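In: okay, sequence plus prediction incoming.
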Amino acid sequence: MKTLKSKIVLLFTVLLVSSQLNIFAQPMNAKQSKGYGYGQGYCMNSIPDLTEDQKTKITDLRVAHMKEMQNFKNQMREKRAHLITLQTADNVDMKAVNSTIDEITTLKNKQMKSNAVHRQKVRNLLTDNQKVYFDAHAGKKGMGKGMGQGRKGAGYGKGNCYYK
């Protein structure tokens with residue numbers, strides 16, 4: 001009887017521990033996780049001593065950049081949908097497939113270059129001390145409020161945090 005009781009207690013303990021580990025393995029919801037899956041981000045709250053003028057200029061740059069990125073994302077979605085159509089046709093035209101892939105990579109190239117230009121425009125608004133904080137957070141996600149990490153299509157955080 002003791003062995004059966006000890007086996008049940010052991011089984012219960014193992015189940016309890018494994019269920020707790022499983023909770024930690026679950027993806028976080030939008031309120032729990034921070035950062036976005038798309039590219040590098042920064043948060044104005046993480047940059048010390050920003051003046052109101054700097055905040056305004058950064059916000060203006062952000063809005064313009066968001067519009068440009070949305071255009072890139074829309075074009076990319078169209079190209080990817082077209083690629084799927086081409087690849088699933090009865091008679092696949094490899095020349096058209098390769099051409100569409102080239103168009104997608106060209107768009108991605110332009111998007112990355114635009115991100116680099118935008119980042120430098122923001123950097124140019126900062127003092128040397130502020131640049132240290134800005135650069136230290138380059139490429140890090142989770143600086144401030146945002147949606148789930150790794151979520152495709154999500155591009156921008158809330159409040160003063162920005163993810164491209």
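Out: Arrived safely, thanks for sending. These numbers come from a predicted model, not from an experiment.
In: only C-alpha atoms from now on, for both contacts and neighbour counts.
Out: Will do.
In: the lengthiest helix in the chain - what's its average pLDDT?
Out: The longest helix of the chain (DSSP state H) is helix 52-87. Taken as a whole, helix 52-87 has a mean pLDDT of 96.
In: following that helix, which helix or strand comes up?
Out: Of the helices and strands lying after helix 52-87 in sequence (DSSP states H and E), the nearest is helix 94-124.
In: what's that next one packed up against?
Out: helix 52-87 (3 or more C-alpha pairs under 8 Å, 6 or more residues apart in numbering; DSSP states H and E).
In: show me what the helix it packs on is packed up against.
Out: Using 3+ C-alpha pairs under 8 Å, 6+ apart, helix 52-87 sits against helix 94-124.
In: mean confidence for the helix it packs on?
Out: pLDDT averaged over helix 94-124 gives 96.
In: list the buried residues of the helix or strand harbouring residue 130.
Out: Here residue 130 sits within helix 128-136, counting by DSSP H and E. Using 16 or more other C-alpha atoms under 10 Å as the test for burial, helix 128-136 gives 130-131, 134.
In: from the residues you listed, which is closest to residue 5?
Out: residue 134 (59.0 Å; C-alpha to C-alpha).
In: related to what we said a few turns ago, can you mark which positions in the longest helix of the chain are buried?
Out: Neighbour counts over helix 52-87 (16+ other C-alpha under 10 Å) mark 58-59, 62, 65-66, 69, 72-73, 76, 79-80, 83, 86 as buried.
In: got the angle for that helix vs helix 94-124?
Out: Angle of helix 52-87 versus helix 94-124, following axes from the mean of the first three to the mean of the last three C-alpha atoms, to 10 degrees, is 170 degrees.
In: going by distance to residue 8, which of the buried residues of helix 52-87 wins?
Out: residue 80 (53.7 Å).
In: how about the contacts made by that closest one?
Out: residue 104 (C-alpha atoms under 8 Å, 6 or more residues apart in numbering).
In: before we move on, the earlier item: now render the buried residues of helix 52-87 as CSV, adding distance to residue 48.
Out: What follows is the buried residues of helix 52-87, written out as CSV (distance: C-alpha to C-alpha, whole Å):
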residue, distance to residue 48
58, 14
59, 16
62, 18
65, 23
66, 24
69, 27
72, 32
73, 32
76, 36
79, 41
80, 41
83, 45
86, 50
